[in-house]
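Asker: quick one: sequence plus predicted model below, questions after.
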Amino acid sequence: MSGMHARAIVPRRCQGLALVVAMLVAALAAAVAVSVATAQSQWLSQVEHRRDQVEAQSIATAGIAWARAIVQADTPGIDHLGEPWALPLPPTPVENGDVQGRIVDAQSMLNVNTLASAQHASAAQQRFARLFAALAIPASTLASIADWVDADDMPGAGGAEDPWYLAQGDASLAANGPVSRFEELAAVRGMNAQAMTGLAPFVTALPGDTPVNVNTAPTEVLAALLDGIEPGALAALVADRKQHPFTRVEDFRAKLPQGVSLIDPDLVSVDTHYFLVFVRARQGETIANAQALIRRDAAASSVVWQTVE
């Protein structure tokens, strides 16, 4: 009997083991199926994201070409805020997304590279000092910017040259040369996020000693160009130019109240050669942003620099 009992138990145990194995195999198969499905879904999602990314970047790049055509088609001679290039492109539908953009007169701002100009550095310092004071940014930060763009290694009062940057945790050197983009100034001593944000609408980086266009300069920049002007008179000047843009620098100077003078008349103009372009393109859930600096000459326009992210 004991032998027969043992033989009866063995098959039942085998059957139980087989059932467990079968359940494990089924569970494994289900897990593999879920894993494969998940991987396929992730792969498809990545493919779609990459496709949208490429398409968004292509549209943003095309927006730069659009901007070049707009500024090149503009009638040369004078540039003001009533011209077609100054009108922003509102969000415009494209297949699977939209695109928008704007063109900004880069010469409506103060050019940081003039702080190292052989001819205009002194006047540039006065202009920037007035702007920094109006924005409550320390004068020492201005001194550090001047040290950053000039060619020598002698720090100005409150400024910074190589020894200061080498003593920091992320040791580096001062540029000691012109900058290509305003964003490069983030590495300068004293240029924290607040200072960068405050200066961004009023300061840019352009090649050479570019004049400020008095037809497009914001009030804060005009105030930095003029010595002795009162806020009310400045507001009236800005309101008047909306209706009657200046066709010559002489016309602008004739509109100035008695006793008001220009800081460096040689660095003002009524026309522009440099324009900043900002384009935002969306494809699905993917966003691409493009920026560029365009130089416009009489014959053609060219891209000085361009980024697409």
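Answerer: That came through, no problem.

Asker: hey, let's count contacts and neighbours off CA atoms from now on
Answerer: OK.

Asker: what's near enough to touch residue 295?
Answerer: By CA atoms under 8 Å, 6 or more residues apart in numbering, the contact set of residue 295 is 273, 274, 275, 301, 302, 303, 304.

Asker: any idea how many residues pack against the last one?
Answerer: Yep, that's residue 304 we're talking about. Using other CA atoms under 10 Å, residue 304 has 14 neighbouring residues.

Asker: quick check, it in a helix?
Answerer: No: counting by DSSP: H, G, I helix; E, B strand; the rest coil, residue 304 falls outside a helix, being strand.

Asker: thinking it is in contact with residue 293, fair?
Answerer: Yes: if you go by CA atoms under 8 Å, residue 304 and residue 293 touch, sitting 5.4 Å apart.

Asker: show me the contact partners of stretch 138-149.
Answerer: For stretch 138-149, the surrounding residues in contact (CA under 8 Å, 6+ apart) are 112-113, 115-116, 128-129, 132-133, 153-161, 174-179, 185, 188-191.

Asker: make that stretch 94-104, sorry
Answerer: Applying CA under 8 Å, 6+ apart, the external contacts of stretch 94-104 come out as 59-60, 63, 67, 85-93, 275-284.

Asker: which ones among those are found in strands?
Answerer: Among the contacts of stretch 94-104, the members falling in strands are 89-93, 275-283 (criterion: DSSP state E).

Asker: circling back: looking at the contacts of stretch 138-149, which are in helices?
Answerer: Members of the contacts of stretch 138-149 lying in helices (criterion: DSSP state H): 128, 129, 132, 133.

Asker: list only those of the residues you listed flagged as buried.
Answerer: Among the ones in helices among the contacts of stretch 138-149, those buried by neighbour count (16 or more other CA atoms under 10 Å) are 128, 129, 132.

Asker: end-to-end on stretch 283-303?
Answerer: End-to-end distance of stretch 283-303 (CA to CA, to the nearest Å): 25 Å.

Asker: next one: that stretch to chain centre, how far?
Answerer: The chain centroid and the centroid of stretch 283-303 are separated by 12 Å under CA atoms, centre = their mean, to the nearest Å.

Asker: now do stretch 188-203
Answerer: How far stretch 188-203 lies from its chain's middle: 13 Å, per CA atoms, centre = their mean.

Asker: likewise stretch 225-243?
Answerer: 29 Å.

Asker: name the residues of it that are buried.
Answerer: Of the residues in stretch 225-243, 225, 226, 227, 229, 234, 237, 238, 241 count as buried by neighbour count, 16+ other CA under 10 Å.

Asker: could you dump those to a markdown table with distance to residue 121?
Answerer: Listed next are the buried residues of stretch 225-243 as a markdown table, based on distance: CA to CA, whole Å:
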| residue | distance to residue 121 |
| --- | --- |
| 225 | 14 |
| 226 | 16 |
| 227 | 17 |
| 229 | 22 |
| 234 | 25 |
| 237 | 27 |
| 238 | 27 |
| 241 | 28 |
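
Asker: can I get those residues in TSV including distance to residue 73, pLDDT and secondary structure?
Answerer: TSV is the format used below for the buried residues of stretch 225-243 (distance: CA to CA, whole Å; pLDDT from 0 to 100; DSSP: H, G, I helix; E, B strand; the rest coil):
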residue	distance to residue 73	pLDDT	secondary structure
225	30	97	helix
226	32	96	strand
227	36	94	strand
229	36	95	coil
234	32	96	helix
237	28	95	helix
238	26	95	helix
241	23	95	helix
